[in-house]
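Visitor: This is the structure alone, sequence omitted:
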């Protein structure tokens, strides 16, 4: 059994988070994506909007030439445009849908197979069921549109009380929503982020067990949960950031839980390996280069410690 992570998962990097100057669809996109493409540590890249059509063509060719997988994250578009797919105002919800659809076209143009979205702001408890129903309708609309391009929709869960204050949300509610949508669109899936987990007051194995039948993508990262500390909230600091929640021990536990639910496993017959993406952002005074180094050191250390514990899913073939 191959114990290197390349035999178990596709490692990706959320480009627009590691290089935040590119979050508005401009900036040093070509050079920064070039750095990722040339880095053999990553076998996939998660991009967002790229406003220049010629630049999109260049980048699509670069990614294709490197043999990398590509995903598309719509979060910068949603957050900067204050789009709300679960708005109870039909005009606002229609605006969110019509804004996002051209970016599904762009995702297909770039070779992405999945288009990742997030829900809008949480509603009052009395309106939460209606807002969830509205979100289901919106996602079904996007699934119908994206299927024409062979692009599948993925919903990422976010915190409800601290930073993004999104409708979805807790693992149980995300799973219930996924069941409704998958009855019509079975390729719909959920993305769970280790960095959002502490903000949701969740822990790995129970949350991942709840989501396992719907999980198509995972992010690993960090957050600061205690109010008043530097980078408080969902700002994606590096692993081990002062006052933060996640470092090597937490990453080991998270990876082990992914094996326990079967998201990660050794199965050469699978058509595609599951994605594990790094969503980490330089904080004030930090550089993208240092953040990439932090990612690599932390992941390598965590994977090494996972092997040392010799769980049943990860056997050593060297003896």
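Guide: Received it, and whenever you're ready, just let me know what you need. Since this is a predicted model, take the numbers as computed values, not measurements.
Visitor: hey, let's count contacts and neighbours off CA atoms from now on
Guide: Will do.
Visitor: Hmm, residue 153 is touching residue 108, no?
Guide: No: the pair residue 153 / residue 108 is not scored as a contact, 11.9 Å apart, by Cα atoms under 8 Å.
Visitor: between the two, who's got more neighbours?
Guide: Just comparing residue 153 and residue 108: by other Cα atoms under 10 Å the higher neighbour count belongs to residue 153, 24 against 21.
Visitor: quick one: secondary structure of that one?
Guide: strand (DSSP: H, G, I helix; E, B strand; the rest coil).
Visitor: Run through the bridge partners of the closest residue to it other than its chain neighbours.
Guide: Spatial nearest neighbour of residue 153, excluding adjacent residues (Cα to Cα, 6 or more residues apart in numbering): residue 115 at 5.0 Å. On the basis of DSSP bridges, residue 115 is bridged to residue 72, residue 153.
Visitor: what's the answer for residue 121, then?
Guide: residue 166.
Visitor: I'd like the numbering to begin with 26 instead of 1 from here.
Guide: New numbering, starting at 26: the last item is residue 146.
Visitor: got the contact list for it?
Guide: 109, 111, 189, 190, 191, 192 (Cα atoms under 8 Å, 6 or more residues apart in numbering).
Visitor: one more time with 10 Å
Guide: Shown in contact with residue 146 (Cα atoms under 10 Å, 6 or more residues apart in numbering): 107-112, 156, 183, 185, 189-194.
Visitor: And those, which of them are buried?
Guide: Those of the contacts of residue 146 that meet the buried threshold are 108-112, 156, 183, 185, 189-194, by 16 or more other Cα atoms under 10 Å.
Visitor: tell me which strands and helices the host helix or strand of residue 318 is in contact with?
Guide: Using DSSP states H and E, residue 318 maps to helix 313-333. Counting contacts by 3 or more Cα pairs under 10 Å, 6 or more residues apart in numbering; DSSP states H and E, helix 313-333 is packed against helix 40-43, helix 54-62, helix 273-285, strand 300-303.
Visitor: repeat that for 6 Å
Guide: Applying 3 or more Cα pairs under 6 Å, 6 or more residues apart in numbering; DSSP states H and E, we find helix 313-333 packed against helix 273-285.
Visitor: Report pLDDT for residue 291.
Guide: Looking at residue 291, its pLDDT is 73.
Visitor: re earlier: give me the subset of the contacts of residue 146 lying in helices.
Guide: When helices are assigned by DSSP state H, the members of the contacts of residue 146 inside them are residue 156.
Visitor: which one of the contacts of residue 146 sits closest to residue 125?
Guide: Here the nearest of the contacts of residue 146 to residue 125, counting by Cα to Cα, is residue 108; it sits at 9.0 Å.
Visitor: residue ranges with poor pLDDT in this structure?
Guide: Where the chain drops to pLDDT under 70, the residues are 26-27, 292-296, 335-344.
Visitor: need the contact list for the closest residue to residue 181 other than its chain neighbours.
Guide: Spatial nearest neighbour of residue 181, excluding adjacent residues (Cα to Cα, 6+ apart): residue 216 at 4.4 Å. Residue 216 makes contact with 180, 181, 242, 243, according to Cα atoms under 6 Å, 6 or more residues apart in numbering.
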